[in-house]
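*Asks:* what shape does this take:
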Amino acid sequence: MSWTQEDFVKKWNERLTDPKCDERKGQAAFNALHELDPDIANAVRGSKHDPFFQDKHLPEFLREVFG
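*Replies:* So this is what the prediction gives:
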């Protein structure tokens, strides 16, 4: 993994604060991860940890990605 949790948080915040981006928190988190590491994002995609469609999965997503 050539990126850090700090890199992820920065990308996630950029997406959340971009006025042109209308993603929910879960979508922004998944897409930020996908920008940094598509392989990990694709491993999470469709799992019970995937927050893209339901923000309620964010805690599980973050635990899965960052342990």
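
*Asks:* what score does residue 1 have for pLDDT?
*Replies:* At residue 1, the pLDDT value in this model is 71.

*Asks:* can you count the residues close to it?
*Replies:* Neighbour count of residue 1, defined by other CB atoms under 10 Å: 10. For glycine as for every other residue, the C-beta is placed from the backbone atoms N, C-alpha and C.

*Asks:* put the alpha carbons of stretch 3-10 into PDB.
*Replies:* The C-alpha coordinates for stretch 3-10 follow below in PDB (Å, rounded to 0.1, in the frame of the first residue of the first chain):
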ATOM      1  CA  TRP A   3      -0.800   5.600   0.400                       C
ATOM      2  CA  THR A   4      -1.700   6.400   4.000                       C
ATOM      3  CA  GLN A   5      -4.900   6.800   6.000                       C
ATOM      4  CA  GLU A   6      -4.100  10.600   5.900                       C
ATOM      5  CA  ASP A   7      -4.000  10.400   2.100                       C
ATOM      6  CA  PHE A   8      -7.400   8.700   2.100                       C
ATOM      7  CA  VAL A   9      -8.900  11.300   4.500                       C
ATOM      8  CA  LYS A  10      -7.600  14.100   2.300                       C
END
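
*Asks:* buried ones in stretch 50-66?
*Replies:* 50, 51, 52, 57, 58, 61, 62, 64, 65 (16 or more other CB atoms under 10 Å).
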